[in-house]
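# give me coordinates for this.
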Amino acid sequence: MGELVAAAFLPHPPIVVPEVGKGETAKASITVQGMQGAAREVAQTNPEVVVIISPHATVFSDAVAVTVEERLSGSLASFGAPGVQFDYANHLPLTEGIIREAAEAGVTVAALDRDLARRLRASTSLDHGTMVPLYYLRQAGWQGALVSLGMGLLPLEELYAFGAALRGAIESSSVRAAVVGSGDLSHRLTPGAPAGYDEVAREFDVAVRERVAAHDVPGLLDLPGDLVERAGECGLRPLIMLLGVLDGLAVEPVVHSYEGPFGVGYLAVSYRVQGGAVQSLVPQLFDRRRQWLADIRKAESAPVRLARQSLETYVREGREMAVPVEVPPELRGRAGVFVSIKKHGQLRGCIGTTQPTTASIANEIIRNAVQAGMEDPRFDPVEEEELPDLVYSVDILMPPEKVESIHQLDPRRYGVIVRAGRRSGLLLPDLEGVDTAARQVEIACQKAGIPPGSHYEMERFEVIRYR
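Model prediction:
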């Protein structure tokens, strides 16, 4: 029988590799020491295989990627250190076990080989999210085989369940294995940070550190979506997958270090398995999600209920539903309408009209809901099995007004329309991660295909948003 012998969560800034960072590495000395300490704890357990979960490996929206090539190799050449190279045997029996156990748990896994990577314009080479932790594991004396995983954009409950399946695969194998989640916390801690500054970024890092130290898994899954979005992080999903590996075990988290010297939060943690068992959280987490969706359905506003019924009718019956005989007064007038659909917190479709195109707002909602679910060019059409997981919002647009200056915009209150000749782009107000007027206009111009530096006109508009 195989055994999980160690687990850790490590950051992955290439600058903490001396051959990359050179003199700058000293600015992250706390992180270096923390990674060394955590890596030593992992290496001392002498794992035959290390499994690394990276947010910078190939990432799928609906699956977890498992690389199945015989050798796993890469270098930090793109970071100016071609001499820092890695080459490991892939433990293929364990990858096969992971794929099998995940399928039994109902979590989709993509077996990534060179042919699939070529078709997707992806890569099977090791990424820096994998190689930076490997650098410190190697420095600590670890030698063995490797398994490389991408994080996946599945709902957090499914990622946690995947982690539990991963440990099941380890225990069904014949190897001693360690699992490392790789990720950085907020990328927006300070002015000049890589993803820009956000005043709530530090709040996110504090919340994660506190919950990690307390081993509070439900608390991590309950972090507000807007807080996570505004933090600009890349570590929460790998962390949740790692915690799933520890599901049902009594563990002691050891926080080795935290700092944010370059505007990005670096957290290094190891987990000591104490022995004995505790209750699995997997059933509880899925029950919570079902209840959350049920509560959303109960609280739906009339416009949102109409949007949902419209798409469900079209997907299940292949027809556009008729406007109900009785509709609320707010749906009887005429206006532009946007219908947005999310699945597991990720956008699944958004289509709208800036001006009325039908006889009523109700009709506009019915038509745009179908288009958002079936005709948004960024996504495949919605399938029937997805319908229970979809969450809707409806924006009814007020008439736009022309503005002369970006200073007349407020991304929380106003949406924006940019126009240059026949090109136009629209961005709704109060969107996660869009916190400045400059960023709002930039995204709207990108959507319109208006090149930077071009002349364009702007309009602003308010919306009534229904959830």
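
# and the helices in this protein?
Remark: helices assigned in the chain by DSSP state H are 18-21, 29-44, 92-104, 114-120, 128-139, 156-172, 201-213, 217-221, 225-231, 236-245, 282-298, 302-317, 361-374, 437-448.

# deepest of those helices, which one?
helix 236-245 (a mean of 27; mean count of other C-beta atoms under 10 Å). Placement of C-beta: from N, CA and C, glycine included.

# next, the angle from it to helix 282-298.
For helix 236-245 against helix 282-298, the angle by axes from the mean of the first three to the mean of the last three C-alpha atoms, to 10 degrees is 130 degrees.

# the closest residue to residue 464 other than its chain neighbours bridge partners, please.
Spatial nearest neighbour of residue 464, chain neighbours left out: residue 396 (4.6 Å); criterion: C-beta to C-beta, 6 or more residues apart in numbering. Following DSSP bridges, residue 396 is listed with bridge partners residue 337, residue 464.

# what's near enough to touch residue 396?
303, 330, 335-337, 361, 463-464, 466 (C-beta atoms under 8 Å, 6 or more residues apart in numbering).

# at 6 Å instead, please
Shown in contact with residue 396 (C-beta atoms under 6 Å, 6 or more residues apart in numbering): 335, 337, 464.

# what about this protein, any weak spots by pLDDT?
276 (pLDDT under 70).

# can you list the domains in it?
3-287, 300-392, 398-467 (automatic domain parsing).

# tell me which of the ones you listed sits nearest to residue 293.
Nearest to residue 293 among these is domain 300-392; the distance by C-beta to C-beta comes to 6.8 Å.

# any chance of the domains of the chain in CSV, plus distance to residue 294?
Formatted as CSV, the domains of the chain follow (distance: least, C-beta to C-beta, whole Å):
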stretch, distance to residue 294
domain 3-287, 11
domain 300-392, 10
domain 398-467, 15
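
# number of nearby residues for the nearest residue to residue 207 once chain neighbours are set aside?
Once flanking residues are discounted, residue 207 sits nearest to residue 223: 6.1 Å by C-beta to C-beta, 6+ apart. Residues lying near residue 223 (other C-beta atoms under 10 Å) number 17.

# cool, and residue 191?
8.

# confirm for me that it is in contact with residue 197.
Yes: look at residue 191 against residue 197 with C-beta atoms under 6 Å: they come within range, at 4.6 Å.

# chain neighbours aside, what residue packs nearest to residue 167?
For residue 167, the closest residue by C-beta to C-beta, 6+ apart turns out to be residue 245, at 4.7 Å.

# ugh, wrong one, residue 137
residue 39 is the one closest to residue 137 (C-beta to C-beta, 6+ apart), at 5.0 Å.

# quick check: the one you found vs residue 166, distance?
Distance from residue 39 to residue 166, counting by C-beta to C-beta, to the nearest Å: 20 Å.

# do the same with residue 221
Counting by C-beta to C-beta, the gap from residue 221 to residue 166 is 18 Å.

# same question for residue 328.
49 Å.

# got it, and residue 214?
23 Å.

# and for residue 189?
31 Å.

# ok, residue 235 next?
Taken as C-beta to C-beta, the span from residue 235 to residue 166 is 18 Å.

# what number of residues lie near the nearest residue to residue 402 once chain neighbours are set aside?
Closest residue in space to residue 402, ignoring its immediate chain neighbours: residue 459 at 5.3 Å, by C-beta to C-beta, 6+ apart. Using other C-beta under 10 Å, residue 459 has 18 other residues around it.

# does residue 459 touch residue 400 like I think?
Yes: using C-beta under 6 Å, residue 459 is in contact with residue 400, at 4.0 Å.

# what sits in contact with each of those two?
residue 417.

# residue 208 versus the residue nearest the centre of the chain, what's the distance?
By C-alpha atoms, centre = their mean, the chain has its centre lying nearest to residue 153, at 5.1 Å. Separation of residue 153 from residue 208 (C-beta to C-beta) stands at 19 Å.

# got the contact list for the residue nearest to residue 167?
Contacts of residue 245 by C-beta under 6 Å, 6+ apart are 163, 166-167, 179.
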